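A.B. asks: attaching a predicted model along with its sequence, questions to come.
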Amino acid sequence: MNSSKKQKLGFRRQRRTGATAVEFALVAPIFFMFIAASFEFSRLNVIRHTADNAAYEAARKAIVPGATSAEAVTKANDTLRVVNTVGAVVTVNPTTLGPDTEEVTVTVNVLMDQNGWIIPRLIGSRTIQSSSTLQTERTGQ
C-alpha cells in the first residue's frame, strides 16, 4: 500500500475517534430506560401473581369450618409479605363467617405506585386487583 493511502486511512480514523462516544451518549439513555422498564414490569407481574395466590390462599383459609375473616386477611397479608408488598387492602365477603355461609370471596387490592422499584410515577395510581371465590365446607343446619 502506498503512503498516500495510509495517510488517508489515518486521517479518517482520527476524524471518527469521538463518534463512538457520541453514539453511546445518544443510545445509552434509551437502552437503560428499556432495562429499567423491564425490571419494573417484571416486578409488577410478580406482584400480580402473588396477589392472585394471596386471594386464593386466604379464601382456602376462610372456607374451613371455624375459620374467621381475620384469619383469612392475615393469611393474605402473609402471602403478600413474601414479595414485600406495601399498602395492600384485603377484604373478605361476608365479613362474618358463620355455619350458614355458603361461599367466601376474598379480594386483594395492591396499589402499583407504592410497590414499584424504579419508576413508580410512570405507572400512576393504578391498582392490581385479584379476587377468589370458593364454596365453604360448612354444613348449613
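C.D. replies: Alright, I've got the coordinates. Numbering: from 1, shown residues only.
A.B. asks: burial measure for the residue lying closest to residue 103 once chain neighbours are set aside, as a count.
C.D. replies: Closest residue in space to residue 103, ignoring its immediate chain neighbours: residue 135 at 4.9 Å, by C-beta to C-beta, 6 or more residues apart in numbering. C-beta here means a position set from N, CA and C on the backbone, and glycine is covered the same way. Number of residues near residue 135 (other C-beta atoms under 10 Å) recorded here: 11.
A.B. asks: so where's the longest helix in the chain?
C.D. replies: Taking DSSP state H as the criterion, the chain has its longest helix at helix 19-62.
A.B. asks: that one: what's the following helix or strand?
C.D. replies: helix 69-81 (DSSP states H and E).
A.B. asks: give the rounded mean pLDDT of that next one.
C.D. replies: Mean pLDDT, helix 69-81: 95.
A.B. asks: got the CA positions of that helix in PDB?
C.D. replies: Only the C-alpha atoms of helix 69-81 are listed here, as PDB (Å, rounded to 0.1, in the frame of the first residue of the first chain):
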ATOM      1  CA  SER A  69     -62.400 -13.500  58.200                       C
ATOM      2  CA  ALA A  70     -59.500 -12.000  60.300                       C
ATOM      3  CA  GLU A  71     -57.600 -15.300  59.800                       C
ATOM      4  CA  ALA A  72     -58.100 -15.000  56.000                       C
ATOM      5  CA  VAL A  73     -56.900 -11.400  56.000                       C
ATOM      6  CA  THR A  74     -53.800 -12.500  58.000                       C
ATOM      7  CA  LYS A  75     -53.100 -15.300  55.500                       C
ATOM      8  CA  ALA A  76     -53.400 -13.000  52.500                       C
ATOM      9  CA  ASN A  77     -51.100 -10.400  54.100                       C
ATOM     10  CA  ASP A  78     -48.500 -13.100  55.000                       C
ATOM     11  CA  THR A  79     -48.500 -14.300  51.400                       C
ATOM     12  CA  LEU A  80     -48.100 -10.700  50.100                       C
ATOM     13  CA  ARG A  81     -45.300 -10.100  52.600                       C
END
